[in-house]
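Visitor: Sharing a model prediction with you, sequence too.
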2 protein chains.
Amino acid sequence: MTELRAPKLPQRPERRVKLAVVQMSCTDVLDENLDKAEAFVREAAANGANVVLLQELFENLYFPQLEREELFALAHPVEGHPFLERFAALAGELGVVLPVSFFEHAGQAYFNSLAMVDADGRVLGTYRKSHIPDGPGYEEKYYFNPGDDGFKTWRTRYGDIGVGICWDQWFPEAARIMALKGADLLLYPTAIGSEPAEAGALETDRMWRRVMIGHAVANVTYLAAANRVGQEGDATFYGRSFIADHCGDYLAEADDRSETIIYAELDLAKARSARAGWGFFRDRRPDLYGPLLTLDGEERTGR
Amino acid sequence: MTELRAPKLPQRPERRVKLAVVQMSCTDVLDENLDKAEAFVREAAANGANVVLLQELFENLYFPQLEREELFALAHPVEGHPFLERFAALAGELGVVLPVSFFEHAGQAYFNSLAMVDADGRVLGTYRKSHIPDGPGYEEKYYFNPGDDGFKTWRTRYGDIGVGICWDQWFPEAARIMALKGADLLLYPTAIGSEPAEAGALETDRMWRRVMIGHAVANVTYLAAANRVGQEGDATFYGRSFIADHCGDYLAEADDRSETIIYAELDLAKARSARAGWGFFRDRRPDLYGPLLTLDGEERTGR
């Protein structure tokens, strides 16, 4: 009897990527924040990073704590934007993939947006935050139109990368769609901190991590979040930026107050192999998922 | 100046439910398993449980380890089923909500099914497992048609309860749909254990828990899983049944080998209030979720 053997395969291609996640505090001086972010990106690249994740709206204080008409002036169109070109050039110079969060003004609309810069400095496109929070200390519905372009996974020099923005991170739908579109890595620039007393002083950090760890496992993808630190008015932004692997194990974690960079080596081919083996994307039942396209689980006809 | 106050509310109604989760080992003798399950349900009810969760296919060994034509004979139609009536009567006698897993034969099809019994002994309906795994030691695609009735949330005497079956627990779509349909509590009868060497002897238990904890947080729902224990051939079923709250905190956990019942008191009204406050179900974007109804993230027209 001949022993049953698996067919011979070409050696699995390694697809190693070094990811850096920056955690910093911000001031109300644009240039200070931009210079600090640039210095962190340069340091990460000097340490061998291929992909660098900066936090949400690193250009300024987290202004949606307040609802102030004059703060809409912080927004700019993509065309002629005050710092997007600078960071695209930086990414090209250093050869790193760099998602860049910014406050976008487009026509009469305003978006919480992100430009995806490939390692050659080319802007692959922009993504507008889809899920907009609203509550004490996070008055984002005052400023931002809900994004209109849907979830995107970008083919970059260093892997297929999906990026959601902050509140998007709580929605399994967003993570799943980016994974369906091929994401090997999910990135979330974030600004989250303490809740004011009127919100019951809820401690959200463990839920914040758990829900994203759930996405990593459900989609068998690497996942990272960059969050700000520091005191801004009554809010303490709690950092705790992290990088997790496709099993939901932490590869790197920052604390709740340090300005720092955390790093991890990702093996995208290994995760891709595990993803096929698990079979989640073989066994999904889109024919049964219609209720996901409703607000209350009730599918309606004639609308 | 008058101090701003929130409008006066009627006192929040408490909606307390005691949940029991049974973890047991099984043999190849039907009556032994049924008697043991009944004894556990009686014990749970004696200890004040309102809802009792038994594991998947508790009637027998986990037979999908093998692919054997003759094992289809274990399946029975709902009508005249050998033990569904017995467990429905038991639920009615004890006044507990009791989901009952069974191997269903229907026409020429076979399903991994569950009958939902309300606390008055009435069978509210059945659910057929939607996501069917397949891999070494878990050859379910040999036996089970993928379920055809979609995800259900049942209005029971003790809350609105969604039940998925085992592999369903890995799919955020299933949890989300049950939550959209009003679930205050998600229950998962399970049979999961060690992976055989050919599957790389992967240790799955931490992923298994993480993905469900992710569902609890994303949907702000209570969640519990009942898993079997014991050695069956080469497989060691690893128990670790648990009950989590709507923040993903563990309320009760079993170990990896004991036959036991774990209990927790749930406050469904508290979770419902937190669910509204978080705003996830306010901020979902069904208009952007079309790719969830595809296998590869690409929406097609004309199909």
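Guide: Nice, I can see it.
Visitor: Who are the contact partners of the residue minimising distance to the centre of chain A?
Guide: Residue closest to the average C-alpha location in chain A (Cα atoms, centre = their mean): A:Tyr188, at 1.7 Å. Shown in contact with A:Tyr188 (Cβ atoms under 8 Å, 6 or more residues apart in numbering or on different chains): A:163-166, A:168-169, A:212, A:223-226. C-beta here means a position set from N, CA and C on the backbone, and glycine is covered the same way.
Visitor: quick one: it and B:Gly239, what's the gap?
Guide: 34 Å (Cβ to Cβ, to the nearest Å).
Visitor: picking that back up, which is the succeeding secondary structure element to the helix or strand hosting the residue nearest to the centre of chain A?
Guide: In the assignment (DSSP states H and E), A:Tyr188 maps to strand A:185-190. Using DSSP H and E, the helix or strand that follows strand A:185-190 towards the C-terminus is helix A:205-219.
Visitor: hmm, who's touching stretch A:88-100?
Guide: Contacts for stretch A:88-100 (Cβ under 8 Å, 6+ apart): A:38, A:41-42, A:44-45, A:49-54, A:83-84, A:87, A:114-123, A:156-158, A:161, A:163, A:187, A:189.
Visitor: Tabulate the CA atom coordinates of it in CSV.
Guide: Extracted C-alpha coordinates of stretch A:88-100, given in CSV (Å, rounded to 0.1, in the frame of the first residue of the first chain):
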residue,chain,number,x,y,z
ALA,A,88,2.6,61.7,0.6
ALA,A,89,6.1,62.9,-0.3
LEU,A,90,7.3,61.7,3.1
ALA,A,91,5.9,58.2,2.5
GLY,A,92,7.6,58.1,-1.0
GLU,A,93,10.9,59.3,0.4
LEU,A,94,10.9,56.7,3.1
GLY,A,95,9.3,53.9,1.1
VAL,A,96,6.5,53.3,3.6
VAL,A,97,2.8,52.8,3.2
LEU,A,98,1.1,55.6,5.1
PRO,A,99,-2.6,56.2,5.7
VAL,A,100,-3.2,59.9,6.5
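Visitor: Show me where the stretch 201-303 of chain A has its strands.
Guide: Here the stretch 201-303 of chain A has its strands, by DSSP state E, counting those that start in this stretch, at A:222-227, A:229-232, A:235-238, A:242-244, A:250-253, A:260-267.
Visitor: and the ones you listed, which is most packed in?
Guide: strand A:222-227 (a mean of 27; mean count of other Cβ atoms under 10 Å in any protein chain shown).
Visitor: for that strand, packing partners?
Guide: strand A:16-23, strand A:185-190, helix A:205-219, strand A:242-244 (3 or more Cβ pairs under 8 Å, 6 or more residues apart in numbering or on different chains; DSSP states H and E).
Visitor: Run through who's touching that strand.
Guide: So strand A:222-227 is contacted by A:19, A:21-23, A:53-56, A:169, A:175, A:184-192, A:208, A:212-213, A:215-216, A:237-246, A:264, A:266, A:268, A:271 (Cβ under 8 Å, 6+ apart).
Visitor: Restricted to buried residues, select those residues in PyMOL.
Guide: Applied in PyMOL, the following selects the buried portion of the contacts of strand A:222-227 according to 16 or more other Cβ atoms under 10 Å in any protein chain shown:
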select buried, chain A and resi 19+21+22+23+53+54+55+56+169+175+184+185+186+187+188+189+190+191+192+208+212+213+215+216+237+238+239+240+241+242+243+244+245+246+264+266+268+271
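Visitor: Thanks again, I'm all set now.
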